[in-house]
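Asks: Got a predicted model here, sequence first, then my questions.
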Amino acid sequence: MLRIVALSLTILLAHTAAAKTVLVTGSNRGLGLEFVTQYAAKGWHVIATSRSPDDDEDLQALAAANTNITIEQLDVADLEEVAALAAKYQGTPIDVLMNNAGLFGDRPRQTWGKLDRDLFRQVMDVNVFGPLKLSEAFASHVAASETKKIAVISSTAGSISSIRNPPGAPYYAISKAAVNMAMRGTAMRLKEQGIAVAIFMPGAVDTRMLREAVGLTQEEAEAATDYDYRRFQPLTTEESISQMIATLDALTLDRSGDFLNYDGSTIPW
Ligand SMILES: NC(=O)c1ccc[n+]([C@@H]2O[C@H](COP(=O)([O-])OP(=O)(O)OC[C@H]3O[C@@H](n4cnc5c(N)ncnc54)[C@H](OP(=O)(O)O)[C@@H]3O)[C@@H](O)[C@H]2O)c1
């Protein structure tokens with residue numbers, strides 16, 4: 001009898017220890033939805049955040065089929081929502097904070113000669129201040145976890161040493177260069193708490209954003225089924241995310257704050 005109780009306790013403890021938690025931003029489509037899919041399949045508890053949960057049919061369907069997915073409302077540019085979510089999960093260890101949400105921004109409004117300050121602020125708010133503020137708000141949750149990792153999905157568009165021509169979407173490029181510095185500094189700040197930070201290039205991946213990057217408007221990108229993006233030789237979301245998760249799993253503190261390709265190779269700043 002005692003042996004059975006001891007065995008049950010061991011299984012219970014092993015199960016508890018294995019149940020890790022990830023919080024994903026922008027999880028209703030594209031890379032974010034695939035992060036949710038793959039972490040849920042690994043048995044993690046997934047806090048899948050989105051700014052419009054009621055409209056997110058794909059995410060709702062995924063959560064209906066997986067009890068380990070919890071959907072939460074979060075606009076990463078809304079300070080009150082960020083603070084409220086951090087307070088709601090106070091005391092819950094979060095193993096991985098995945099800062100995925102991003103905004104490309106309308107091209108015409110970031111075209112030389114028509115530079116629009118409101119759009120600049122919006123892109124910087126979502127792509128730079130969002131991940132920075134979320135990292136600050138959730139640092140204690142991550143520090144309390146076993147895994148202790150924060151990631152941001154950046155882009156080679158923000159690689160200053162790689163630029164050869166003026167970027168087609170300058171606000172997006174500027175925001176990715178800025179978030180690289182924001183998260184490099186965050187990595188240094190959080191190292192003594194044992195938190196490792198990954199700054200990722202996910203590859204060119206077939207999502208609505210890539211379609212915007214090749215010149216389609218948001219509306220065209222949403223509707224497009226056949227378009228010429230082949231010059232990018234895009235990865236599928238499955239290929240990109242499985243490799244990023246493996247790279248993040250292997251990340252150690254000595255590489256914290258590095259700018260990493262999805263496969264773990266280094267991207268030049
Ligand atoms: N796909 C690529 O080739 C590529 C390459 C380099 C980097 N990236 C980066 O990868 C990340 C994911 O992009 P994706 O390719 O999956 O593009 P996507 O399909 O356009 O998805 C962008 C996601 O960000 C969300 N989002 C935008 N503004 C938000 C806000 N204020 N609060 C919360 N969520 C917000 C969107 O939600 P809504 O549906 O509500 O708009 C959507 O879920 C981005 O950071 C992007 O810059 C992508």
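Replies: Nice, thanks for sending it over.
Asks: ok, which stretches of the chain are helices?
Replies: With DSSP state H as the criterion, the chain has helices at 2-18, 30-41, 57-65, 79-88, 117-124, 130-143, 170-190, 208-213, 218-223, 237-250.
Asks: Report the residue spans of the stretch 101-250 of the chain with pLDDT below the cut-off.
Replies: 216-232 (pLDDT under 70).
Asks: got a list of what residue 22 touches?
Replies: 35, 39, 44, 45, 46, 47, 94, 95, 96, 97, 98 (CB atoms under 8 Å, 6 or more residues apart in numbering). Where C-beta positions appear, they are placed from N, C-alpha and C, glycine not excepted.
Asks: ugh, typo on my part, it should be residue 99
Replies: Per CB under 8 Å, 6+ apart, neighbours of residue 99: 25, 76, 130, 131, 134, 135, 150, 151, 152, 153.
Asks: Close to the ligand: what parts of the chain are there?
Replies: Contacts of the chain with the ligand, taken as CB under 6 Å from any ligand atom, map to 25-26, 28-32, 51-52, 75-77, 100-103, 126, 153, 155, 202, 204-205, 207-210.
Asks: Which single residue in the stretch 101-250 of the chain comes nearest to the ligand?
Replies: For the stretch 101-250 of the chain, the residue positioned closest to the ligand under CB to the nearest ligand atom is residue 102, at a distance of 2.2 Å.
Asks: ok, that residue to residue 151 distance?
Replies: Applying CB to CB, to the nearest Å, the value for residue 102 to residue 151 is 13 Å.
Asks: Please apply the same query to residue 136.
Replies: Per CB to CB, residue 136 is found 15 Å from residue 151.
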